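> Okay, predicted coordinates and the sequence, questions at the end:
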Amino acid sequence: MNKNIILYAAILIFGVAAPFVFPAFKVQLSILCILIILAITWNVQGGEMGYNTFGNILFYGLGMYLCASVQVGMFFPLAEWTEGGGEKTFVHTPAQFFQGFAVGLAVAAIVPAIVAGLIGYSILGLRGHYFAICTLGLGVAAGEISGGIEIIGAGQGFTTPPFPKVGSLEARGEFFYFCSFAVLIFTFLAVKAIYSTRFKLVLNAIRDNEDKAEAMGIQTMKYKIIGWMISAFFCGLAGGIMGGLVGYIDSTDVAFDGREMGVFMVLMAILGGKGTLWGPVIGATVFHIFKEGFWTFFLGWQYVALGVLIVVIVIYFPEGIMGWLREKYPERFGEVVDEADRKAQVELK
Amino acid sequence: MDFLIFQVPMLTVQAVLDGLLLGILFALIAYGMALQWGVMNIINIAQGDLVILGGYIAYFMYLYGIHPAWGVIVSPIIMYFVGVIIYKLVINKVVDRDLFISILATFGISILFMQLMNFAFGADVVLANSGYGTTMLFDNSVTLPNSKIFSAFISIVFAIGLVIYMKKSKLGRAIRATAQNARAAKILGVDTEKVYAATFGINAALCGVAGALISITFTIHPYMGLPYTIRSFMIVIVAGLGNLPGVAMSGMGLGVFEEFADYILGTEFRIGSVFLLLVLILVYRRFKLSKKREYLK
């Protein structure tokens, strides 16, 4: 317990100090926070519940569009804003900007959760690969359709309000970094709290054998929907912040980006280790470092690397980093190991 | 309602004919998917990218002055080996694993192919001009490019040829035996590893044919693969595994649906409507099965 507190305190101090220690990496650190949030939320759905989804990108994109639309729509006519494209005929005052962003984030979290609840009953009745392909279709369809809707900018894209100057202070990077870091801590603590309840056991029961869980008297559908709603809630939050951070929303390249973000969140959770609390966090961090390195040094070949990476991770490393650690140091994970048995196992190998 | 299709009734005929000819092509791709799904229990997300790669082979023949129709012969031969190589490198490691692993692995292959094609062939939308001209029907109110008729004809020839091959040849019988029960087939001396490789190769070859035909009749682009995967997946789940007439019918149905969606909703919603239709079909199946307390599996 004591060790854990030191660890959490160290992470917290590092998180707060990071933008001042590494001012050049503010945006990268914010994106890292977003990626960790996405990996954690995917893990709730894919790792704990066993419902492997490609469709959480739907909530992420929805949150992004909603947050920006609310932020603009609260003070100015939305249609004229998007029609103007990049041209700034309307300017948010600082107060308007922050109010709009706060309300926008709230909407961006709640509406995707409601959407997940509404479609959950239909979609979560599918199992296995049908569920995976259905959610893949959902994500792509959302991207294609939102690319045809005029009021949110259609194919031309949606420019989010520029960050206002408060007095002479320009703190865009810090603002979005602390936003995403705060949401990350909120997400982590919320998920940690959820994982310590019966709810997590129910989700694991669904993953391991859904029919048996149902026979034991668990209303699996109810729990599946709630699980997906939790996932959607945090996905929407992450999307809302990411929209403000990027500053420009495009339907298929930024918001409903199934080819990048949609795969990233699956990959990060698997790389770190599905079904663990810390796995997605570690996976996202490793993945982000790797990705940035590749994006910088092998520009143009990044998708080739991504494709190869997916195949390699999935085939040779499906248990992830946490799974590997668990196999190597089972005592650390609270598993009781018989030393003689273990030696016999090693000799067998 | 000021939709064009209601003002000009002849457009309905146009859409139906276009859709049917397009649907036959979809059915050919879906046939390949049904084959590998049935035999190896793998859902190949890279299916559409194999199609596009096959299309680029025909396009390159066109660039070098060979008539692209020959691509129908050349492309499947090359694609067969591409398929076997993919099998040896990746697929044979995921055959017996969890289905999600195979979906994710082929998703990786799909991204890889997309980007490699983007490097090799550029991000332009291209088509191989066959120069077959067009046929006019009903007082010139319906136009049918001859290339579409050609492609539908070739698809049917290949589909029938494959059906006969699967029925009569030794390999075809081995494939069917493996599909029924891989373990029993192994005991009886079938080299299932070889059968799997051949199945994946045949699937890739079918994609090659379809791709060559698509490059003649429509356009190809490195990033256009995923919709073809989704279409073939949809056709297979509507028809059911191993139901060949069903695959043809649902393929044509999907083609007609797409043409009408194109006219009524607008071209920008065409791909979106395909993906939405997939979701709707799956949800419909789910509710239908849940009445019997069953689920899609």
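That came through, no problem.

> Please count neighbours and contacts with C-alpha atoms only from this point.
Fine.

> so who does the closest residue to chain B within the stretch 201-349 of chain A touch?
Nearest residue of the stretch 201-349 of chain A to chain B: A:Gly307, at 4.2 Å (CA to the nearest CA). Going by CA atoms under 8 Å, 6 or more residues apart in numbering or on different chains, A:Gly307 touches B:107-112.

> Just give me the neighbour total for residue 118.
In the absence of a named chain, chain A is used. Neighbourhood size, A:Leu118 [other CA atoms under 10 Å in any protein chain shown]: 13.

> hmm, I had chain B in mind actually
Neighbour count of B:Asn118, defined by other CA under 10 Å: 15.

> confidence score at it?
pLDDT for B:Asn118: 83.

> For the nearest residue to B:Val190 once chain neighbours are set aside, grab phi and psi.
For B:Val190, ignoring the flanking residues on the chain, the nearest one in space by CA to CA, 6 or more residues apart in numbering or on different chains is B:Ala174 at 6.5 Å. As for B:Ala174, its main-chain torsions (degrees, to the nearest 10) stand at phi -60, psi -40.

> Low-confidence regions, the stretch 51-200 of chain B specifically.
B:132-133, B:138-141 (pLDDT under 70).

> which parts of it sit against chain A?
The stretch 51-200 of chain B comes close to chain A at residues B:90, B:93-94, B:99-101, B:103-113, B:115-116, as judged by CA under 8 Å from any CA of the partner chain.

> Mind doing that once more with 6 Å?
B:105, B:108-109, B:111-112 (CA under 6 Å from any CA of the partner chain).

> Can you lay out those residues as CSV showing neighbour count?
Formatted as CSV, these follow (neighbours: other CA atoms under 10 Å in any protein chain shown):
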residue, neighbour count
B:Ala105, 27
B:Gly108, 27
B:Ile109, 27
B:Ile111, 26
B:Leu112, 25
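
> from those residues, which ones fall inside helices?
B:105, B:108-109, B:111-112 (DSSP state H).

> which residues touch A:Gly120?
Residues near A:Gly120 by CA atoms under 6 Å, 6 or more residues apart in numbering or on different chains: A:Ile225.

> ok, it to chain B distance?
Distance of A:Gly120 to chain B, computed by CA to the nearest CA, to the nearest Å: 11 Å.

> ditto for A:Gln71
27 Å.

> what comes into contact with the helix or strand that residue falls within?
Element membership for A:Gln71, per DSSP states H and E: helix A:57-73. Around helix A:57-73, the neighbours that count as contacts under CA under 6 Å, 6+ apart are A:100-101, A:104-105, A:108, A:112, A:139, A:160, A:232, A:235-236, A:239-240, A:243, A:255-256, A:262.

> Sort out for me which of those are in helices.
With DSSP H as the criterion, helices contain A:100-101, A:104-105, A:108, A:112, A:139, A:232, A:235-236, A:239-240, A:243, A:262 from among the contacts of helix A:57-73.

> element containing B:Leu144?
Using DSSP H and E, B:Leu144 sits in strand B:142-145.

> What is that strand packed up against?
When contacts are defined as 3 or more CA pairs under 6 Å, 6 or more residues apart in numbering or on different chains; DSSP states H and E, strand B:142-145 sits against strand B:134-137.

> Please compute how far the strand it packs on lies from its chain's middle.
26 Å (CA atoms, centre = their mean, to the nearest Å).

> which other residues reach that strand?
B:142-146.

> Most proximal residue of the stretch 1-150 of chain A with respect to chain B?
Counting by CA to the nearest CA, the stretch 1-150 of chain A gets nearest chain B through A:Ala141, at 4.5 Å.

> May I ask which two of the contacts of A:Gly307 are separated the most?
Put simply, by CA to CA the two of the contacts of A:Gly307 set farthest apart are B:Phe107 and B:Leu112, 8.6 Å from each other.

> How about the contacts made by the residue nearest the centre of chain A?
With distances taken as CA atoms, centre = their mean, A:Leu38 lies nearest the centre of chain A, 1.1 Å away. Residues counted as contacts of A:Leu38 (CA under 6 Å, 6+ apart) are A:Met265.

> for the helix or strand where it lies, the distance to its chain's centre please.
Per DSSP H and E: A:Leu38 is located in helix A:26-42. Distance of helix A:26-42 from the chain centroid (CA atoms, centre = their mean) equals 7 Å.

> Which positions within it qualify as buried?
A:26-27, A:29-42 (16 or more other CA atoms under 10 Å in any protein chain shown).

> where does A:Lys318 land in three-state SS?
Lys isn't right for residue A:318; it's Pro. With DSSP: H, G, I helix; E, B strand; the rest coil as the basis, A:Pro318 sits in coil.

> residues from chain A in reach of chain B?
So chain A meets chain B at A:122, A:134, A:137, A:141, A:144-145, A:304, A:307, A:310-311 (CA under 6 Å from any CA).

> Dump these into TSV; add distance to A:Glu327 and pLDDT as well.
Output for the residues of chain A next to chain B, formatted as TSV (distance: CA to CA, whole Å; pLDDT from 0 to 100):
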residue	distance to A:Glu327	pLDDT
A:Ser122	38	84
A:Cys134	34	87
A:Gly137	36	85
A:Ala141	40	85
A:Glu144	43	82
A:Ile145	45	83
A:Val304	31	82
A:Gly307	27	84
A:Ile310	22	84
A:Val311	22	86
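
> can those residues go into JSON lines with extra columns for secondary structure?
What follows is the residues of chain A next to chain B, written out as JSON lines (three-state DSSP):
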{"residue": "A:Ser122", "secondary structure": "helix"}
{"residue": "A:Cys134", "secondary structure": "helix"}
{"residue": "A:Gly137", "secondary structure": "helix"}
{"residue": "A:Ala141", "secondary structure": "helix"}
{"residue": "A:Glu144", "secondary structure": "helix"}
{"residue": "A:Ile145", "secondary structure": "helix"}
{"residue": "A:Val304", "secondary structure": "helix"}
{"residue": "A:Gly307", "secondary structure": "helix"}
{"residue": "A:Ile310", "secondary structure": "helix"}
{"residue": "A:Val311", "secondary structure": "helix"}
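
> Dump those residues to JSON lines, plus distance to B:Tyr228.
Output for these, formatted as JSON lines (distance: CA to CA, whole Å):
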{"residue": "A:Ser122", "distance to B:Tyr228": "25"}
{"residue": "A:Cys134", "distance to B:Tyr228": "15"}
{"residue": "A:Gly137", "distance to B:Tyr228": "12"}
{"residue": "A:Ala141", "distance to B:Tyr228": "14"}
{"residue": "A:Glu144", "distance to B:Tyr228": "15"}
{"residue": "A:Ile145", "distance to B:Tyr228": "18"}
{"residue": "A:Val304", "distance to B:Tyr228": "21"}
{"residue": "A:Gly307", "distance to B:Tyr228": "19"}
{"residue": "A:Ile310", "distance to B:Tyr228": "21"}
{"residue": "A:Val311", "distance to B:Tyr228": "21"}
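
> Which members of these define the maximum pairwise distance?
Going by CA to CA, the pair spanning the residues of chain A next to chain B furthest: A:Ser122 and A:Val304, at 35.6 Å.

> Around B:Gly32, count how many other residues there are.
24.

> for it, helix, strand, or coil?
Once three-state DSSP is applied, B:Gly32 turns out helix.

> wait, what's in contact with it?
B:Asn203.

> same check, this time on B:Met33
With contact set as CA under 6 Å, 6+ apart, B:Met33 has no partners.

> swap the cut-off to 8 Å and go again
B:43-44, B:47, B:203, B:232-233, B:236.

> quick one: which of the residues you listed is nearest B:Thr178?
Among the contacts of B:Met33, and counting by CA to CA, the member closest to B:Thr178 is B:Asn203, at 15.6 Å.

> unless I'm mixing things up, the closest one is touching B:Gln36, no?
Yes - with contact defined as CA atoms under 8 Å, B:Asn203 reaches B:Gln36; the gap is 6.8 Å.

> Next, give phi and psi for A:Phe158.
The phi/psi pair for A:Phe158 (degrees, to the nearest 10) reads phi -130, psi 120.

> Tally up the residues packed near it, please.
Using other CA under 10 Å, A:Phe158 has 25 neighbouring residues.
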